[in-house]
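*Asks:* got a structure for you, letters missing:
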């Protein structure tokens, strides 16, 4: 396939694996890239810039294809040493960076000077336009459906993607709600030039996470996610579990909380590792998209991407063409 | 075009105008049907079954094409005389009925005996399966994006449509978030065989509503809708205005209200007429979908539908095909 996204990143199919904390290790990133997509190492899952440098080197040993690194900019007084992480990315010969969270504006000079292609994750049209303005090469437009942080506007991709298409000049991929060839065709019809998948890649053979997590995704339907931390305007879509029910109880009791301290022991971040790596499914809230309802198996990344592309071909050349021809 | 929906209703294009209170008069229904879609008279906007019979006769004078009648089943102790409305539909030679609200189960024998094709509006997979089970011919699958009543599950169409496709045998159209050819192609890629539009048809020349309403839709972006009556589990998506802000104030003050009495003077229903017909834009809450952000003009129904079909052709045969061919 050929879209502005495949051209930009030098990949075969316009399918990106989104950065996921405690998940985006070299095993998954290399598997996605070897399958023709763009795999993504999660920068801050590596405790230090030196660890990230080692993870990048490990990924290069597992694939000759392009892969990226996710860098999430947190609203933190005790910020990670971002410039050192960026240096590890540049020295590691990585050519793509997915930024998320706060605007990457202050780091754009370093990234662009090194020739790195930057795709920024945005949950609104206004943030997408800002990303374009500061020099991002592409945007990952993230709808209300998504796992993790959907923002506070609650605009699903059926609206957000065509709105982004009407406003943006740079190419964008659809993120949130993406599972299969149907998603990819729909996203491209609405103006995207590819898709980003998170939850779907959790349920793959190569995802280096506990089998309990993969099983939970396969078993869930679309009604099993919950939104937490709305009061803090830091909304996160997570899979329902005992920790989430406890968070909801605390949030209801406290009303409009202005601090995360009450629920810190239950939310993703450091605690998410207990679920994702150790399979202790009720220890903490963990990000999961509504798309879990469309996930019914645990294929390899190559099987998954080949299936998506075959379905994409079939939908465009047969289903849609027939509706028009008859 | 040809899909199971065009075949079922005997229409040229798989585009349905959804029932809208104080809007679905013969003027709009006939304009949509003359343009090749399926227009819809709103049954309960007519005060009596006799009025509905007259409105149907009036519509027959304005079009030779098939059109339908919407019947909304309310959870009311003081229910309208539904059997008499249905009799007016049957005697009027109408061949399509869109049901909404509660299940149409108890009226299916009358409708089916008269050969009427029934499409039921559903906001969930489980309700869609129920509709199929009781003999509905099709379903209108209504996502979280929609104006009016999205239900309480908050599942957008990127998830809901493929989930419906995986479960249903009968055909379905996508409802909520539908505005243009991009929407139609995306909906059909995700498994729908057509689309239902409400808000988009409000902003047409033939919609018999006040120009202030059309102007408000054209001017709104996707961030201007609000959800009211969540506490009552009767959520409605409406355009933000002074009445909605007053409702939000009351809902916040009262906490979890269990009665509609506090806000009855501000919600759609009888009061919606003041906005829709008289253009008094702050008198009451009125239903509007997020899709307002994708509406920028007020074309005729024929211009609108021709544009949608041309865009559909272009997306499938050029944009999507090129992505695959290159």
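*Replies:* Cool, got the structure. Please read all numbers here as calculations on a predicted model, not as lab measurements.

*Asks:* In chain A, what residue spans correspond to strands?
*Replies:* Under the criterion DSSP state E, strands of chain A are mapped to A:15-17, A:39-42, A:67-73, A:96-101, A:117-122, A:138-142, A:172-175, A:195-197, A:225-228, A:236-239.

*Asks:* With mean neighbour count as new columns, can the ones you listed be given to me in TSV?
*Replies:* All C-beta atoms are positioned from the backbone trio N, CA, C, and that covers glycine. Formatted as TSV, the strands of chain A follow (neighbours: other C-beta atoms under 10 Å in any protein chain shown):
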stretch	mean neighbour count
strand A:15-17	30
strand A:39-42	28
strand A:67-73	25
strand A:96-101	24
strand A:117-122	26
strand A:138-142	29
strand A:172-175	31
strand A:195-197	30
strand A:225-228	20
strand A:236-239	24
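
*Asks:* would you turn those strands into JSON lines with mean pLDDT and distance to residue B:294?
*Replies:* Listed next are the strands of chain A as JSON lines, based on pLDDT from 0 to 100; distance: least, C-beta to C-beta, whole Å:
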{"stretch": "strand A:15-17", "mean pLDDT": "98", "distance to residue B:294": "25"}
{"stretch": "strand A:39-42", "mean pLDDT": "98", "distance to residue B:294": "31"}
{"stretch": "strand A:67-73", "mean pLDDT": "97", "distance to residue B:294": "30"}
{"stretch": "strand A:96-101", "mean pLDDT": "97", "distance to residue B:294": "26"}
{"stretch": "strand A:117-122", "mean pLDDT": "98", "distance to residue B:294": "18"}
{"stretch": "strand A:138-142", "mean pLDDT": "98", "distance to residue B:294": "15"}
{"stretch": "strand A:172-175", "mean pLDDT": "98", "distance to residue B:294": "16"}
{"stretch": "strand A:195-197", "mean pLDDT": "98", "distance to residue B:294": "20"}
{"stretch": "strand A:225-228", "mean pLDDT": "97", "distance to residue B:294": "25"}
{"stretch": "strand A:236-239", "mean pLDDT": "96", "distance to residue B:294": "24"}
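
*Asks:* Make JSON lines from the ones you listed and add distance to chain B to it.
*Replies:* Listed next are the strands of chain A as JSON lines, based on distance: least, C-beta to the nearest C-beta, whole Å:
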{"stretch": "strand A:15-17", "distance to chain B": "12"}
{"stretch": "strand A:39-42", "distance to chain B": "21"}
{"stretch": "strand A:67-73", "distance to chain B": "21"}
{"stretch": "strand A:96-101", "distance to chain B": "20"}
{"stretch": "strand A:117-122", "distance to chain B": "14"}
{"stretch": "strand A:138-142", "distance to chain B": "12"}
{"stretch": "strand A:172-175", "distance to chain B": "8"}
{"stretch": "strand A:195-197", "distance to chain B": "11"}
{"stretch": "strand A:225-228", "distance to chain B": "9"}
{"stretch": "strand A:236-239", "distance to chain B": "11"}
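
*Asks:* Near chain B, which residues of the stretch 201-326 of chain A are found?
*Replies:* A:221-223, A:290-291, A:293-294, A:312-313, A:315-317, A:319-324, A:326 (C-beta under 8 Å from any C-beta of the partner chain).

*Asks:* need the strands of chain A in TSV with distance to residue A:273, can you?
*Replies:* Listed next are the strands of chain A as TSV, based on distance: least, C-beta to C-beta, whole Å:
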stretch	distance to residue A:273
strand A:15-17	19
strand A:39-42	12
strand A:67-73	16
strand A:96-101	19
strand A:117-122	22
strand A:138-142	23
strand A:172-175	23
strand A:195-197	22
strand A:225-228	18
strand A:236-239	15
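
*Asks:* Any of the residues of the stretch 201-326 of chain A next to chain B buried? List them.
*Replies:* The neighbour count (16 or more other C-beta atoms under 10 Å in any protein chain shown) marks A:222-223, A:290-291, A:293-294, A:312, A:315-316, A:319-320, A:323-324 as buried among those.

*Asks:* I'd like these written out as JSON lines, with pLDDT added.
*Replies:* Converted to JSON lines, those look like this (pLDDT from 0 to 100):
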{"residue": "A:222", "pLDDT": "97"}
{"residue": "A:223", "pLDDT": "98"}
{"residue": "A:290", "pLDDT": "98"}
{"residue": "A:291", "pLDDT": "98"}
{"residue": "A:293", "pLDDT": "98"}
{"residue": "A:294", "pLDDT": "98"}
{"residue": "A:312", "pLDDT": "98"}
{"residue": "A:315", "pLDDT": "98"}
{"residue": "A:316", "pLDDT": "98"}
{"residue": "A:319", "pLDDT": "98"}
{"residue": "A:320", "pLDDT": "98"}
{"residue": "A:323", "pLDDT": "98"}
{"residue": "A:324", "pLDDT": "97"}
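
*Asks:* which one of those residues sits closest to residue B:173?
*Replies:* Ranked by distance to residue B:173 (C-beta to C-beta), those are led by residue A:323 at 12.7 Å.

*Asks:* and the gap between that closest one and residue B:325?
*Replies:* 19 Å (C-beta to C-beta, to the nearest Å).

*Asks:* for residue A:231, same thing?
*Replies:* For residue A:231, the distance to residue B:325 - C-beta to C-beta - is 50 Å.

*Asks:* same question, residue A:199
*Replies:* Residue A:199 is 30 Å from residue B:325, by C-beta to C-beta.

*Asks:* These two - which one has more neighbours?
*Replies:* residue A:199 (29 against 9; other C-beta atoms under 10 Å in any protein chain shown).

*Asks:* And the pLDDT for the nearest residue to the more buried one once chain neighbours are set aside?
*Replies:* Spatially, and ignoring its direct neighbours in sequence, residue A:199 is nearest to residue A:289 (4.1 Å; C-beta to C-beta, 6 or more residues apart in numbering or on different chains). With respect to pLDDT, residue A:289 scores 98.

*Asks:* number of nearby residues for residue A:241?
*Replies:* Residue A:241, neighbours per other C-beta under 10 Å, totals 21.

*Asks:* wait, it sits on residue A:287?
*Replies:* No: assessed by C-beta atoms under 8 Å, residue A:241 is found out of contact with residue A:287, at 12.0 Å.

*Asks:* Report how many residues lie close to the residue nearest to residue A:91 when sequence neighbours are not counted.
*Replies:* In this structure, residue A:91 finds its nearest non-sequential neighbour in residue A:53, 6.7 Å apart by C-beta to C-beta, 6+ apart. Look at residue A:53: counted by other C-beta under 10 Å, it has 18 neighbours.

*Asks:* which residues touch residue A:53?
*Replies:* The contact partners of residue A:53, by C-beta atoms under 8 Å, 6 or more residues apart in numbering or on different chains, come to A:88, A:91-92.

*Asks:* from the residues you listed, which is closest to residue B:262?
*Replies:* So of these, ranked by how close each gets to residue B:262 (C-beta to C-beta), first place is residue A:88, at 58.3 Å.

*Asks:* Quick check, that closest one in contact with residue A:57.
*Replies:* No: counting by C-beta under 8 Å, residue A:88 does not reach residue A:57; the two are 9.8 Å apart.

*Asks:* Show me the shaky parts of chain A.
*Replies:* Applying pLDDT under 70 to chain A flags residues A:256-258, A:268-269.

*Asks:* sorry, back to before: compare the contacts of residue A:53 and tell me which has the most neighbours.
*Replies:* Result: residue A:88 is most packed of these (other C-beta under 10 Å), 24 neighbours.
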